[in-house]
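[1] Fold the following, please.
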Amino acid sequence: MKKPRFSTKCKILWDEEHLYIAAHLEEPHLYATLNKHDDIIYREHDFEVFLDPGADQTNYFEIEVNALNTTMELFMNKPYKKGGTYDMNWNAEGMVTAVNLKGSLNDQNDIDSGWTLEMKIPFTALEKENRPYKPKRGSTWRINFSRVEWDMEMKDGNYTVKKNVQGKKLPEDNWVWSPIGVVNMHIPEKWGYLTFK
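    Sure, this is the predicted structure:
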């Protein structure tokens with residue numbers, strides 16, 4: 001397995017009402033332009049969280065955040081390979097996110113250190129009919145984290161994704177906490193386990 005070019009660190013806490021996630025992403029070129037809620041964030045650098053409170057590979061959630069603190073959220077009834085469909089109308093109601101940039105966004109004239117993000121996700125935002133959503137001590141969920149990173153270059157004073165000789169974008173890096181083996185986060189049986197202690 002190829003080692004990621006930049007480090008990513010993540011920590012999780014919880015209380016009776018919320019799941020807290022913090023991440024630090026080493027990044028020499030802070031880049032983000034997508035600024036509308038539910039933009040397709042992974043088309044640029046991002047950090048993604050996948051949550052399956054039932055730990056049964058169905059009815060799971062995806063939350064993406066970029067360096068502008070733009071979020072995208074969706075709900076999957078089951079993975080695509082099992083005929084699943086996504087629901088972009090689902091929102092993590094009450095979720096709070098924040099980012100802190102260690103450098104200058106979209107400025108190719110310097111080298112940046114990276115960015116941090118924090119998420120406060122209410123367990124009630126993950127409520128679905130007849131599904132567990134509020135953990136207690138000993139509960140186990142399936143979870144994974146993904147970082148999408150594009151190989152960038154500076155062109156005409158702006159960052160742009162590198163392209164091959166045919167003019168097609170080079171594929172993105174997809175660095176994950178629990179290895180999947182392919183660039184496809186929607187294989188929840190390969191996610192890691194989160195046990196609440």
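[2] residues touching the residue sitting nearest the centre point of the chain, list them.
    In the chain, the residue lying closest to the centroid (CA atoms, centre = their mean) is E48, at 0.5 Å. Contacts were defined as CB atoms under 8 Å, 6 or more residues apart in numbering; by that measure E48 touches I41, Y42, E62, I63, E64, V65, F145, S146, R147, V148, M185. The way it works is simple: take the backbone N, C-alpha and C, and place the C-beta from them, glycine included.
[3] Which neighbours in the sheet does the host helix or strand of it have, and how are they oriented?
    E48 belongs to strand 46-52 when assigned by DSSP states H and E. Note on strand 46-52: by DSSP bridges, its sheet partners are strand 60-65 (antiparallel), strand 140-149 (antiparallel).
[4] any weak-confidence spans in the chain?
    Scanning the chain for pLDDT under 70 picks out the ranges 1.
[5] For it, which segments count as strands?
    Taking DSSP state E as the test, the strands found in the chain are 8-14, 18-26, 46-52, 60-65, 71-76, 86-87, 96-102, 114-122, 140-149, 152-155, 158-161, 173-176, 192-195.
[6] any chance of the ones you listed in JSON lines, with distance to N130 too?
    Formatted as JSON lines, these follow (distance: least, CB to CB, whole Å):
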{"stretch": "strand 8-14", "distance to N130": "23"}
{"stretch": "strand 18-26", "distance to N130": "21"}
{"stretch": "strand 46-52", "distance to N130": "15"}
{"stretch": "strand 60-65", "distance to N130": "15"}
{"stretch": "strand 71-76", "distance to N130": "15"}
{"stretch": "strand 86-87", "distance to N130": "17"}
{"stretch": "strand 96-102", "distance to N130": "28"}
{"stretch": "strand 114-122", "distance to N130": "19"}
{"stretch": "strand 140-149", "distance to N130": "17"}
{"stretch": "strand 152-155", "distance to N130": "45"}
{"stretch": "strand 158-161", "distance to N130": "43"}
{"stretch": "strand 173-176", "distance to N130": "30"}
{"stretch": "strand 192-195", "distance to N130": "21"}
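[7] of all those strands, which lies closest to Q108?
    Closest approach to Q108 among those (CB to CB): strand 152-155, 4.1 Å.
[8] Give me the distance between the strand holding E48 and the centre of its chain.
    4 Å (CA atoms, centre = their mean, to the nearest Å).
[9] cool, stretch 74-83 as well?
    On CA atoms, centre = their mean, the centre of stretch 74-83 falls 17 Å from that of its chain.
[10] Identify each buried residue in that stretch, please.
    Within stretch 74-83, the residues that qualify as buried are L74, F75, M76, K78, P79, counting by 16 or more other CB atoms under 10 Å.
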